[in-house]
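A.B. asks: Based on what follows, work out the 3D shape:
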Amino acid sequence: MDIADEVSWREHLADLIYMVIPPGEPKTRNRTQINFRCPFCGDSKKSFTKKRGFYYIPNESYHCFNCEINTSGLKLLKQMAPESVYSDALREFKAFRIRNLASSGSFRRQEEAEDIDRSLIQCRPIPAWKHLLDDPDKWEHPSALTPEQILYLEKRGVADKAFNFLSIRNKKDNIPFILIPWEYAGQCIFYQLHNYTGAEKYPKYLFPHSIDLNDQEKPVFNIDVVDPSWKYIIACEGVYDALSYKNGVSLGGRVLTEYQGKLLRERWPHHQIVAAFDNDQDGRKSMIKMCKDGRSNAKFLDIFPMFEHFNVKDANEFIQLGEKANSVLQDKKFLEKCMKSPFEMQVGLLLG
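C.D. replies: Residues are numbered from 1 along each chain as shown. Below you'll find the model as predicted:
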């Protein structure tokens, strides 16, 4: 993707956002930003002329200095625009991403703020992804999600958050997978394949362990999609659980490695890590071990009693119970009430 295409996409998205600002509301625009009243909090209730929402065109990011929300341009458009306008923009965005992938072999989402330290990225962007593309006899080229895959993600309650997921098919066995990028600072540095059909020949998830990752350890999924205004990060085992929680991230397992902890502290130095593993025997054992190891840098989310009451194993199973369940795991006050220290969590798990 050449720079003209990138600029065209960013300008187009900025035009759409500017267009859907309600008529009569104060707004200004220059080459790099749009300033208007925040559509999330409504901005000042005392002064109609105050406008503390800023959309930054080069970064495709939005920040309100009233409610402190921080989000992407597409999510801002979803909040403001009619469904048809947002749906069209989302289709254009997916096409833009696929063209970008096809032409360069790399996968950029949104440029991050200049102050992000990229030194922790221990590999070039998408060494693992290139492995798939370099084996055309085994894998078809990644493409947009199929209707079947979108329906699957809708049933799991995460379709609206999986905007960067792709489809990929194994040619030899004709088996489709969902390709899930793991991004850091806007660049894909890792990935996993989800065997969502349950094909017996393959495990449920495939990670790129068997190829050269320049000694890179597994990073953190969803690390870029964190609300800075809420100072907690919920660390889960799996991707779908991470998408179910407010500020959820995935470790790709039941251990917070030293490398992952370093990534989280570097990217979000003022946030507290909160461990939230599955409500099963292995998940509980991992929580107890983490407590005993003295990982005092992390809190724990004691949500097991609620999961047991509804007979579910994890956060993603819980949100599939309906919209009310989904809103519970986005409720900051509720989640904060469930947080415990390592000692409190260890006692609770042992007594339970």
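A.B. asks: Residues touching whatever helix or strand Leu153 lives in, excluding its own?
C.D. replies: Element membership of Leu153 [criterion: DSSP states H and E] is helix 147-155. With CB atoms under 8 Å, 6 or more residues apart in numbering as the test, helix 147-155 has contacts from Leu145, Ala159, Ala162, Phe165, Ser167, Pro176, Ile178, Tyr196, Gln320. (Each C-beta comes from the backbone N, C-alpha and C, glycine too.)
A.B. asks: from the chain's centre, how far out does it sit?
C.D. replies: Taking the mean C-alpha point of helix 147-155 and that of its whole chain, the gap between them comes to 18 Å (CA atoms, centre = their mean, to the nearest Å).
A.B. asks: now this protein, which segments are flagged as low pLDDT?
C.D. replies: 1-7, 94-137, 185-187, 209-216, 294-297, 349-352 (pLDDT under 70).
A.B. asks: possible to save the contacts of helix 147-155 as a markdown table with distance to Asn35 and secondary structure?
C.D. replies: Putting the contacts of helix 147-155 into a markdown table (distance: CB to CB, whole Å; DSSP: H, G, I helix; E, B strand; the rest coil) gives the following:
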| residue | distance to Asn35 | secondary structure |
| --- | --- | --- |
| Leu145 | 35 | coil |
| Ala159 | 32 | helix |
| Ala162 | 31 | coil |
| Phe165 | 33 | coil |
| Ser167 | 39 | strand |
| Pro176 | 44 | strand |
| Ile178 | 38 | strand |
| Tyr196 | 43 | coil |
| Gln320 | 40 | coil |
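A.B. asks: all strands in the stretch 201-350 of the chain, in order from the N-terminus.
C.D. replies: Secondary structure of the stretch 201-350 of the chain, counting by DSSP state E, counting those that start in this stretch: strands at 205-206, 232-236, 248-250, 272-275, 298-301, 339-340.
A.B. asks: any chance of the ones you listed in CSV, plus mean neighbour count and distance to Leu256?
C.D. replies: Formatted as CSV, the entries for these read as follows, by neighbours: other CB atoms under 10 Å; distance: least, CB to CB, whole Å:
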stretch, mean neighbour count, distance to Leu256
strand 205-206, 16, 18
strand 232-236, 26, 6
strand 248-250, 27, 10
strand 272-275, 20, 7
strand 298-301, 23, 7
strand 339-340, 18, 16
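A.B. asks: the helices in the stretch 151-300 of the chain, which residues?
C.D. replies: For the stretch 151-300 of the chain, the helices identified by DSSP state H, counting those that start in this stretch occupy 239-244, 258-267, 281-292, in order along the chain.
A.B. asks: Point out the most buried one among these.
C.D. replies: Stretch with highest mean neighbour count among the helices of the stretch 151-300 of the chain: helix 239-244 (a mean of 26; mean count of other CB atoms under 10 Å).
A.B. asks: counting contacts, what elements does that one pack onto?
C.D. replies: Taking 3 or more CB pairs under 8 Å, 6 or more residues apart in numbering; DSSP states H and E as contact, the helices and strands that helix 239-244 lies on are strand 248-250, helix 315-319.
A.B. asks: Residues touching that helix, excluding its own?
C.D. replies: Residues from elsewhere that reach helix 239-244, judged by CB under 8 Å, 6+ apart: 156-158, 161-162, 180, 192, 194, 221-222, 234, 236, 248-250, 252, 276, 278, 314-316, 318-319, 326, 329.
A.B. asks: change it to 7 Å
C.D. replies: Where contact means CB atoms under 7 Å, 6 or more residues apart in numbering, the residues beyond helix 239-244 that reach it are 156-158, 161-162, 180, 221-222, 236, 248-250, 314-316, 319, 329.
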